[in-house]
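**Student:** okay, predicted coordinates and the sequence, questions at the end:
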Amino acid sequence: MWSAANDVVRTFLAPVCVGCEAVLDRPLSGAVCDACWRAVVRITPPLCVICGDALPATQDVCARCTASPPHFTLARSAGLYDGCFRNVIHAFKYNGRRPLAGPIARLMMDVGADVLDDVDAVVPVPLHPWRAFRRGFNQADDLAVCFGLPVWRALRRSRNGPPQASLPASDRGTNVGGAFSCRSMFGWSSPWWARRLEGRSIVLVDDVMTTGATLDACSAALVAAGVRNVRALTAARAVTVRPVPRLGPHRRATALR
Ligand SMILES: [Zn+2]
Ligand SMILES: [Zn+2]
């Protein structure tokens, strides 16, 4: 019955995968084909023990974390921000494909068991309220609620600079520095959050990590509020040195584009 329904939808509507644009075999099972999920490139060692950036050779800490240690202790990502997975993230974030949050979060949980181990709560990286209003949702929040852990919306973004993706790496820290706080939307500090966050272990959740500037700014705000340990887990990651991907399914050429 389910198979027949898939056949009908595929024949008459021919919906395509948001990752590779191939017609979906089982369109009722989701907007991404199995090959695209399998093609997500994992970021494998050697990688920075702090931020998870891929490293060119066996070393413990990347140059960025050495020069300016971040306020988070550990950051990991489900896969490389490239190819099909980049298209999937775009569809989720910009084209309103919110049901993708579930399968993306499952990938994050597969990779991020160490990050999520023994934490008190997950905190989604907030959008500025105006951007959240225009988008209609916060993609980080949609991912955070999928982990089955308490979700604490403890952070506010008080400054709405240009999107990080539009800036060179050197400007990203300045763009988000001081933009986040544990204050309320109207600017007063929240003693309720201060009591709740004191001594806790928190995982920040976001869709994409590039330089880590946004996660560091959020972590600084959480540490200032008394959090003992901040880790971070993102869906995708742009890396400094590209890892060698596993050989995989039919859309490998697209994944490597
Ligand atoms: Zn696909
Ligand atoms: Zn690093």
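**Tutor:** Yes, it's here. Ligands and ions are numbered 1, 2, ... in the order given.
**Student:** show me what from the protein comes close to ligand 1.
**Tutor:** Neighbours of ligand 1 within the chain, by C-beta under 5 Å from the ion: 17, 19-20, 33, 36. All C-beta spots, glycine's among them, are computed from the backbone N, C-alpha and C.
**Student:** so which of the residues you listed sit within helices?
**Tutor:** Among the residues of the chain next to ligand 1, the ones falling in helices (DSSP state H) are residue 36.
**Student:** make JSON lines out of the residues of the chain next to ligand 1 and add distance to ligand 2 and pLDDT.
**Tutor:** Output for these, formatted as JSON lines (distance: C-beta to the ion, whole Å; pLDDT from 0 to 100):
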{"residue": "17", "distance to ligand 2": "33", "pLDDT": "95"}
{"residue": "19", "distance to ligand 2": "28", "pLDDT": "94"}
{"residue": "20", "distance to ligand 2": "31", "pLDDT": "95"}
{"residue": "33", "distance to ligand 2": "33", "pLDDT": "95"}
{"residue": "36", "distance to ligand 2": "28", "pLDDT": "96"}
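**Student:** show me where this protein has its helices.
**Tutor:** 2-12, 34-38, 63-67, 83-94, 101-111, 113-116, 129-135, 139-144, 169-176, 191-197, 213-224, 252-255.
**Student:** could you dump those helices to CSV with mean neighbour count?
**Tutor:** Listed next are the helices of the chain as CSV, based on neighbours: other C-beta atoms under 10 Å:
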stretch, mean neighbour count
helix 2-12, 11
helix 34-38, 19
helix 63-67, 14
helix 83-94, 21
helix 101-111, 18
helix 113-116, 16
helix 129-135, 12
helix 139-144, 24
helix 169-176, 16
helix 191-197, 15
helix 213-224, 23
helix 252-255, 18
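**Student:** comparing those, which yields the minimum mean pLDDT?
**Tutor:** When the helices of the chain are compared by mean pLDDT, helix 252-255 comes last with a mean of 40.
**Student:** who's in contact with residue 101?
**Tutor:** Residues near residue 101 by C-beta atoms under 8 Å, 6 or more residues apart in numbering: 92, 139, 142-143, 145-146.
**Student:** do that again at 7 Å, thanks
**Tutor:** By C-beta atoms under 7 Å, 6 or more residues apart in numbering, the residues touching residue 101 are 92, 142-143, 146.
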